[in-house]
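Structure of the sequence below:
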Amino acid sequence: MKKYAIIVAGGSGSRMGGSVPKQFMLLKDKPVLYYSIKTFLETYIDLQVILVLPVEYTDMGQEIIDAYFDKDRIRITAGGDSRFQSVKNGLSLVEEDSVVFVHDGVRCLISSDLIRRCYAMATETGSAVPVVPSKDSIRVLTEDGNEAADRNTIMLVQTPQVFHSKILIPAFQIDYKDKFTDEATVVEAFGLKISLVEGEERNIKITKPVDMLVAEKLLVEGA
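Numbering: from 1, shown residues only. Here you go, the predicted structure:
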């Protein structure tokens, strides 16, 4: 079945405090975004990448593609005002029945093994969302204050979130709601259940400067 990876890198990266968005910052002399694209392209030779970028940085994204990748396998589209709209923009380029990966561009340590396991689950059940257990104690805010929650019932969500296009595209036709923090919440609101896959601890999301240091160390250790 045809495969698409919508790599969402539409954020401004304000928490990083840099002059360019975090997806374009250099990690071991290459842009953060490079690593996510590279892993997907190497995992499946029949996979197409749809890169969603801030409109003002599409030229920079094209420069990365021209420098490192086969441009025939990657298309660029502009992001929207929300993740929901950015993913919807990416989905508009999905042209046939397929399995669609939606991945945070700044989760640059994604592995081929996780991509394959998510694909296998999605082809079986229609969806696959990687998660890892919470290592920390959890407290839930309530009207009266807060209370402890059983961390064994709490899972931390990662990407890629993977769905059959016949599920994901119709789901993104519903009206946007603030609770849509990822693709799984959209599909659930559409009335479908989500299948979970064991994620990876090293599949971190770069949001702050310290994350760049951690990612560089993990890249060195994995080299």
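
so how far is Thr153 from the residue of the chain positioned farthest from its centre?
Ranking residues of the chain by C-alpha distance from their mean position (CA atoms, centre = their mean) puts Asp144 at the top, at 35.5 Å. For Asp144, the distance to Thr153 (CB to CB, to the nearest Å) stands at 21 Å. In this view, the C-beta of every residue, glycine as well, is placed from N, C-alpha and C.

Regarding Asn152, what is its secondary structure?
helix (DSSP: H, G, I helix; E, B strand; the rest coil).

Can we start the residue count at 7 from this point?
Let's use 7 as the start, then, which means that last one is Asn158.

Give me the nearest residue to it, chain neighbours excluded.
Pro139 (7.4 Å; CB to CB, 6 or more residues apart in numbering).

ok, what's across the strand from the one you found?
Met161 (DSSP bridges).

didn't it look like it was pressed against Ile160?
Yes: counting by CB atoms under 8 Å, Pro139 touches Ile160, with 7.5 Å between them.

quick check, Ala134 in a strand?
Yes: applying three-state DSSP, one finds Ala134 inside a strand.

could you check the distance from it over to Ser92?
20 Å.

hmm, which helix or strand of the protein has the shakiest average pLDDT?
helix 215-228 (a mean of 93; mean pLDDT, DSSP states H and E).

what packs against that helix?
If you count contacts as 3 or more CB pairs under 8 Å, 6 or more residues apart in numbering; DSSP states H and E, helix 215-228 packs onto strand 32-33.

same thing but 10 Å
Here helix 215-228 touches strand 32-33, helix 38-49, going by 3 or more CB pairs under 10 Å, 6 or more residues apart in numbering; DSSP states H and E.

Contacts made by it with the rest, please.
Here helix 215-228 makes contact (CB atoms under 10 Å, 6 or more residues apart in numbering) with 21-24, 28, 31-34, 36, 38, 41, 112-115, 117, 207-212, 214.

Could I get the full set of helices for the protein?
38-49, 64-74, 89-97, 118-131, 171-177, 189-195, 215-228 (DSSP state H).

Can you lay out those as TSV showing mean neighbour count?
Output for the helices of the chain, formatted as TSV (neighbours: other CB atoms under 10 Å):
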stretch	mean neighbour count
helix 38-49	21
helix 64-74	15
helix 89-97	22
helix 118-131	17
helix 171-177	18
helix 189-195	21
helix 215-228	13
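
Quick one: closest of these to Gly16.
Of all the helices of the chain, helix 89-97 sits nearest to Gly16, with 4.3 Å by CB to CB.

Give me the mean pLDDT for that closest one.
Per-region confidence: helix 89-97 scores 97 on mean pLDDT.

Pull up the distance across stretch 57-66, start to finish.
12 Å (CA to CA, to the nearest Å).
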